[in-house]
Each structure stands twice: as C-alpha cells, then as structure tokens.
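A.B. asks: sequence? don't have it. structure:
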C-alpha cells in the first residue's frame, strides 16, 4: 500500500483513544498545504498528485474522526480485514437491534419528536459505552474476536443514529 498509515499522516500513534482536537487542527494545517488550488499553476502531474493527497487526507480524517471506523481501521492495521456487513454472531445484540428498530418505527408512526430525542440520547449513551468497551479491550491482545464484535455493534449504532437524524429532518419539514 503506497499510502502512509492514517495515523502517521497526522503524526499520531495508532490508538483508539485519540485527541480529536489535535486531529482536527493537524487536519486543517495539512489540508491547507495539500489543497489542489495551491498547485493550480503546476503541471498536470503535480495537480493530479495534489488531488490524490487531498483525497487521502480527507479519507484518513473521516476514518479517524469516527469511533467505529477508527476501531475497524485499527483491526485492519493488525491484518484483520473485517467484512463490512459481517453477520453478527451476537444473539443478544440481534435482539437489541430488533427492539431498537421496532421502537424507532413506532416513534416514526407517531411522529413523536420528544420520544425521538430521548431515543437519540439513549443511542448516544450506548455508543459511548461501546467506545469505552473497545478502548478497554483494545489494549489486550487476546481480545480480537471481542474487538470485532464490538466494531460490528458500533457500525450498527452509527447506521441507526443516521436513520434517527433523517427521521427528525423529515418530521421537521
């Protein structure tokens, strides 16, 4: 892979717990340096490289900013390619998913904005909880299976949060 590691790009150590403010300020600094407009007078090759560098930088930033994508990326760095939509070998969480889905459908049918706000708060708490669990087991080598299971849960909650936001937007219109 010709691309430098996402962490190296921002001069950070590969870790789950990262300083997001530092990430953002380094991102802004680098984005200014590699912005394609700065190479407008350069040759075609130079411009193409600038666009590639800019795209790589944006991708790296998006990955590291998101806890679930960051967790997944850490597993990838260790040579554990994780299929995006792995079937969840996680019966307890499957039940939880079904409950959340049903609850969200009810809230949608009732167009219950207050209910949606409270659902969103519980979802956020569940996400923070998963982040903590991942951070804890990430430091333990023996816990890779568990790490993957947590990443799948994180990905599901990301998707669900997105659906909640879309529902709120539709109801606001």
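C.D. replies: All right, it came through fine. None of these values were measured; they are calculated from a predicted model. Residues are numbered from 1 along each chain as shown.

A.B. asks: pretty sure residue 75 is touching residue 145, no?
C.D. replies: No: with contact defined as Cβ atoms under 8 Å, residue 75 does not reach residue 145; the gap is 10.7 Å. Where you see a C-beta, it was placed from the backbone N, CA and C, and this is true even at glycine.

A.B. asks: more crowded one of these two?
C.D. replies: Set residue 75 next to residue 145 and count neighbours by other Cβ atoms under 10 Å: residue 75 wins out with 16 against 11.

A.B. asks: Next, the buried residues of the host helix or strand of the more buried one.
C.D. replies: Assigned by DSSP states H and E, residue 75 belongs to helix 67-77. Burial within helix 67-77, assessed by neighbour count using 16 or more other Cβ atoms under 10 Å, is assigned to 67-75.

A.B. asks: outside of that helix, which residues touch it?
C.D. replies: For helix 67-77, contacts defined as Cβ atoms under 8 Å, 6 or more residues apart in numbering pick out 5-6, 14-16, 18, 62-64, 82, 127, 130-131, 134, 138, 144, 147-148, 150-151, 154-155, 157-158.

A.B. asks: per-residue confidence at the spatially most central residue of the chain?
C.D. replies: Central residue of the chain (Cα atoms, centre = their mean): residue 66, 2.9 Å from the mean position. Listed pLDDT for residue 66 reads 95.

A.B. asks: With residue 88 instead?
C.D. replies: At residue 88, pLDDT is 59.

A.B. asks: for residue 22, same thing?
C.D. replies: 94.

A.B. asks: which residues touch it?
C.D. replies: Per Cβ under 8 Å, 6+ apart, neighbours of residue 22: 10, 12.

A.B. asks: What helix or strand is it located in?
C.D. replies: Secondary structure from DSSP H and E places residue 22 in helix 20-34.
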